[in-house]
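Enquirer: sequence? don't have it. structure:
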């Protein structure tokens, strides 16, 4: 018999469980249960009867695996795997299975002393020919902190050839370098059960639509014990708001028995149950009433006479029918080729989701003629849709795999060590694709084996020269780690480096995603001759909310764009935890934030930031005359200003609204979740950004006129005339405050201002508004906002007030922040209307913070009044004014 452990297995995703894990899965029919009691060790050999262990490379036989009374989750015994290097896996006897059902595996597990290894469960489905069809894995754990319960499923085999299933218990090193020499894992209470199979799908397996009227959800149910359960469909948006429901009864049909099932596999009698394949089946369709762009889920719930029987969820996205920009920075790395879609559906998807780059493995075998044609056609189709393919060459075809050694995890640096081995087999691929593909990457993004390679420059120069024999325009790249030093050479043998944050041990599960600031810093430091192709990982789905993940993804995309990354990749797009899609090819919540951001800023020029009335964060981009601003604020509020004549607001999920108007100005509602403002006037945005004060600092010499230069450039495509009115705080005197002007095309407005600050003028940053009325191709009215620093900025104050209801006193607290190292003494005076001045002294203050507190007796009548806090430096000239409003 061919070992089931050495056959290729399709690794499938673990669907989300639809029942609490604390108890057994409801409505399940038990098929197998093992608690490692004496009933499972009838020959007293400390090994569970009918179970087998994996051997071979990496799975040493000397590891001690046995039934032990040392610890147990239930009963008195459990299975213990003691580690001493290498990995371990043991498998249950085969259990009869059938495609009309879904299945769930539950088990208890405990680990101790694991540093590099992780423990987990698996269930593998086999056909009657003893061939594995697909495998589902549980979450992996290094440290459990005691006994925990794991669940795999419910999962449903995708093949109709399913005959048997085998349970696996695993302990394996999580990286490619280190493994545990001590430690142990315990398993107990292995429970496997059958459930009805409930599948949701679209007729053509498409999950991203441009026409919502074409969305139809098909619910297919098999293996139920009731003929007519209720089926409830519900449409939910990204905010978990229910939008529509539909309910009907399923008119089930009897499912025929299978008469020719194999009764014995792997030399073991299969575990069976009476009437194990009896059940009903049926199908229902629903067209959800979707009317606008966005991300949606359709929930299907099956309710029988005993209550909830099953629940499934399918996601869909509705996007505008538009191609990606003709050029851009954003892409996907498809390390598993077209999986989980076929080539046609993958091509259809890529043209809809805002990518201009795709990494794709291209190394096919000498006899794979049809595969060669498919890859060539795929590359041509991508190119027609403005998507550049980067050919990944990392996995040798199966028929020549033996040439490169016996290691299970081949590293690209070892594959390309000897041209005599790889060149004859790669040359036909290069020749076939060299006219369609310019970029070639040695190894997947997660293979950084060239980092630290001895004689790297010479080796890559040799590889590059060999590759160029098949095509002159070969742009070569290799994966690289951000934290590794980049070798320097007069002539680099690579054209791009594919930067990632893979740890030194190569374990992707230990990746800690870079923040936007870290990414920006790395990009600034790595600027040089080679292009930077960077990977960005979204935040983990299991640890953060959808809104947190969406904002983080946008900020990383913008950081990469603004700091000049040539290409930006999602390394695992079909990954529920860190990707944009689910493993079944349906969209996750992050697909549309990715797509919306990419469509808005790909190939655009970054203009900068606008200073807005309420200080919202923003970035402005322009592309082919279309100007877009992304904007957000940690505090919900509104920004009211004129941005253009045809302004729309687009949220991260692609939903569009026209903002409210206040006279000629737009009222933009802002909050923590970024939005895009489209249809802005490029000329107005650029003119706002060109406006500058020189200097933008005034001294705190109150009562003495000071001079500033105000300048602004004509960014309109023609000459213009207009009037500018300058509005500062009420306690400022600005001369002149109104000025007419005329500017030629590209001309610059310059005016010298005299500003006098009254003695009660506030210090710190103060906002100035310039109201402009301009005659160009039409009349434009807009305001420009700037902040001017009053004082040196070395002293700042944060103040608050509250009413002590017990005494009626008004308490004012002020925290002084000093940012220089010189010692100074300050008189701090508080002026309240109708009250006597209150004075406190702060002596010998250096860098740091100091809290001062005032108590105004019977201060309730001051609520709502403006109080002035004036801080004077003793023996110096600095005066700092700060206003605080008296509040309850």
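Expert: It's in. These numbers come from a predicted model, not from an experiment.

Enquirer: got the contact list for the residue most central in space within the chain?
Expert: With distances taken as Cα atoms, centre = their mean, the residue of the chain nearest its centroid is residue 538 (2.1 Å). Residues near residue 538 by Cβ atoms under 8 Å, 6 or more residues apart in numbering: 513, 549, 552, 553, 556, 570, 578, 579, 580, 590. Glycine gets a C-beta too; all of them are placed from N, C-alpha and C.

Enquirer: with adjacent residues omitted, what lies nearest to the third one?
Expert: In this case it means residue 552. Of all residues not flanking residue 552 in the chain, residue 539 sits nearest, at 5.1 Å (Cβ to Cβ, 6 or more residues apart in numbering).

Enquirer: next one: the second one
Expert: Excluding its sequence neighbours, the residue lying closest to residue 549 (Cβ to Cβ, 6+ apart) is residue 539, at 4.7 Å.

Enquirer: ramachandran angles for that neighbour?
Expert: Dihedral angles of residue 539 (phi, psi; degrees, to the nearest 10) stand at phi -70, psi 150.

Enquirer: contacts only, for the residue nearest to residue 552.
Expert: Residue 539 makes contact with 513, 548, 549, 552, 553 under the criterion Cβ under 8 Å, 6+ apart.

Enquirer: following the strand or helix carrying the third one in sequence, what is the next regular element?
Expert: Spelled out, that is residue 549. According to DSSP states H and E, residue 549 maps onto helix 546-562. Remark: after helix 546-562, the chain's next helix or strand is strand 567-570, criterion DSSP H and E.

Enquirer: packing partners for the next helix or strand after that next one?
Expert: Where DSSP H and E defines the elements, the next helix or strand beyond strand 567-570 is helix 591-601. Helix 591-601 sits against strand 294-304, strand 330-333, helix 546-562, strand 617-623, strand 626-632, strand 648-651, strand 675-680, with contacts defined as 3 or more Cβ pairs under 8 Å, 6 or more residues apart in numbering; DSSP states H and E.

Enquirer: CSV for those, including distance to residue 871, mean neighbour count and mean pLDDT?
Expert: Formatted as CSV, the helices and strands packed on helix 591-601 follow (distance: least, Cβ to Cβ, whole Å; neighbours: other Cβ atoms under 10 Å; pLDDT from 0 to 100):
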stretch, distance to residue 871, mean neighbour count, mean pLDDT
strand 294-304, 52, 20, 91
strand 330-333, 50, 26, 97
helix 546-562, 37, 21, 96
strand 617-623, 30, 20, 97
strand 626-632, 34, 21, 97
strand 648-651, 43, 18, 96
strand 675-680, 40, 21, 97
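
Enquirer: ok, which of these comes nearest residue 762?
Expert: Nearest to residue 762, of all the helices and strands packed on helix 591-601, is strand 617-623, at 24.1 Å by Cβ to Cβ.

Enquirer: quick one: contacts of the closest one?
Expert: With Cβ under 8 Å, 6+ apart, strand 617-623 has contacts from 325, 558, 562, 600-610, 612, 627-633, 680, 682, 685, 689.

Enquirer: next one: stretch 520-532
Expert: Contacting residues not belonging to stretch 520-532 are listed as 477, 482, 486, 492, 494-497, 499, 514, 534, 559-560, 562-567 [Cβ under 8 Å, 6+ apart].

Enquirer: gap between the residue sitting furthest away from the middle of the chain and residue 810?
Expert: Most distant residue from the mean C-alpha position of the chain: residue 836, 57.5 Å away (Cα atoms, centre = their mean). According to Cβ to Cβ, to the nearest Å, residue 836 and residue 810 sit 14 Å apart.

Enquirer: do residue 388 as well
Expert: Counting by Cβ to Cβ - residue 388 and residue 810 are separated by 66 Å.

Enquirer: more crowded one of those two?
Expert: residue 810 (26 against 19; other Cβ atoms under 10 Å).

Enquirer: check contacts around that one.
Expert: For residue 810, the contact set (Cβ under 8 Å, 6+ apart) comprises 801, 802, 803, 804, 832, 855, 856, 859, 860, 862, 863, 886.

Enquirer: run a quick neighbour tally on the fifth one.
Expert: Per other Cβ under 10 Å, the neighbour tally for residue 832 reads 19.

Enquirer: so residue 348, which state does it fall into?
Expert: helix (DSSP: H, G, I helix; E, B strand; the rest coil).

Enquirer: quick one on the thing from earlier: how much space between the residue nearest to residue 549 and residue 674?
Expert: For residue 539, the distance to residue 674 equals 15 Å [Cβ to Cβ].

Enquirer: mind checking how far residue 755 is from residue 707?
Expert: 8 Å.

Enquirer: compare those two (neighbour count), which wins?
Expert: Higher neighbour count among residue 755 and residue 707: residue 755, with 21 against 10, using other Cβ under 10 Å.
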